[in-house]
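Chemist: Kindly return the folded structure for what I paste below:
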Amino acid sequence: MTLYAESSAILAWLFGEPHEEDVRECLGSAELVVASDLTLVECERVLIRATALGELAEAHAAGLRADLATASACWTLLKMAGDIVDRARRPFPLEPVRTLDALHLASALEARRRIPGLAILSLDSVIRDNARAAGLDVCPAF
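Modeler: Coordinates of the predicted model:
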């Protein structure tokens, strides 16, 4: 299985949130993981914000950063370039879609264009519903 890894799933895995094990299983069974630079930016911003607000100790954040760096070193990263930005500017099957979600959806659709059979790994209901409506498989299956 080839997966596009969206931020909500990666953050659930990093922080041990509900569905962490589902996400871990999907990532572990994937032959290839594709992510947008946006996934890494969002994850890093969550860590920065949590430490700035005193919700997360810097030492813990450093450990989570290391976990993310180790995992993402094996991923194929997509840059947010022309085709992705152009697609994000157009409507999706189930509007409204927020800007960052549109960029993730557009990235997943671009990745699927290049890699047939790609599924999206997400816990965000807007992304999951739009991905299904656009013909993408969604992981985890629940």
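
Chemist: And the stretch of helix or strand Val23 belongs to, what does it pack against?
Modeler: Per DSSP states H and E, Val23 falls inside helix 20-29. Contacting helix 20-29 under the criterion 3 or more Cβ pairs under 8 Å, 6 or more residues apart in numbering; DSSP states H and E are the following elements: strand 2-5, helix 7-15, strand 119-121. Every C-beta, even on glycine, is put in place using the N, C-alpha and C of the backbone.

Chemist: Give the buried residues for the last one.
Modeler: By 16 or more other Cβ atoms under 10 Å, the buried positions in strand 119-121 come out as 119-121.

Chemist: Now do it: distance to the chain's middle.
Modeler: Centre-to-centre, strand 119-121 and its host chain are 8 Å apart (Cα atoms, centre = their mean, to the nearest Å).

Chemist: any idea how far Leu3 is from Arg112?
Modeler: Separation of Arg112 from Leu3 (Cβ to Cβ, to the nearest Å): 11 Å.
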